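Trainee: The following block contains a protein sequence and its predicted model.
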Amino acid sequence: MRNLIFLLLICPLISGCSKPEEKDLIGTYEAKYSYGTEILTLNSDKTYEQTFQSYKEKNLKNSGSWDYDAATSRVRLTNIMAVDDFDKPAKNIGSVGGDWWVPVEKLFGSIRLNPNPDLPIKFIKKK
């Protein structure tokens, strides 16, 4: 029983995790791939800009709207541009359409968008 109480008390301190508030999400995020960098800016007016800077091809830009589901800690990006397909360029790279629900993580004050927990690529908030 003491071990259980200890774990319940210490786990939140070790993890440093908490649910982010919507205001915490506003800012610029960056994800680095082996073939380029994707930059996602969430604006306070609920719009976003998405830019893909390729190391070899032309740069791509897109925009849309976003909202936040605090109950599930997920951001919904509407009209998202396809960029990545499991750490390789998407076959339809640059095509636009559909919604993208992205889990949000807050770890020791740092905000990350984690599109696929099975991959090491995360959108890290820069500012």
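Mentor: Sure thing, it's come through.

Trainee: mind listing what the spatially most central residue of the chain touches?
Mentor: Nearest to the centroid of the C-alpha atoms of the chain, with distances taken as Cα atoms, centre = their mean, sits residue 113, at 2.0 Å. The contact partners of residue 113, taken as Cβ atoms under 8 Å, 6 or more residues apart in numbering, are 29, 40, 75, 102-105, 122-123. Glycine gets a C-beta too; all of them are placed from N, C-alpha and C.

Trainee: Can you tell me which of the residues you listed are buried?
Mentor: 29, 40, 75, 102, 104-105, 122-123 (16 or more other Cβ atoms under 10 Å).

Trainee: and those, which of them are in strands?
Mentor: 29, 40, 75, 102, 104-105, 123 (DSSP state E).

Trainee: Among these, list the two that are farthest apart in space.
Mentor: When those are compared pair by pair using Cβ to Cβ, the two farthest from each other are 40 and 105, 14.8 Å apart.

Trainee: give me the element the residue lying closest to residue 50 once chain neighbours are set aside is part of.
Mentor: Nearest in space to residue 50, with sequence neighbours left out and distances taken as Cβ to Cβ, 6 or more residues apart in numbering, is residue 62 at 4.4 Å. Residue 62 is part of strand 60-69, with elements assigned from DSSP states H and E.

Trainee: still on that earlier bit, in the beta-sheet assignment, what are the partners of the residue nearest to the centre of the chain?
Mentor: Here residue 113 sits in beta bridges with residue 104, residue 123, going by DSSP bridges.

Trainee: Now do it against residue 31, distance only.
Mentor: 8 Å (Cβ to Cβ, to the nearest Å).

Trainee: any shared contact partners between the two?
Mentor: Listed as contacting both residue 113 and residue 31 by Cβ under 8 Å, 6+ apart are 40, 122-123.

Trainee: which one of those residues sits closest to residue 98?
Mentor: Taking the shared contacts of residue 113 and residue 31 together and measuring to residue 98 by Cβ to Cβ, the closest member is residue 40, at 15.6 Å.
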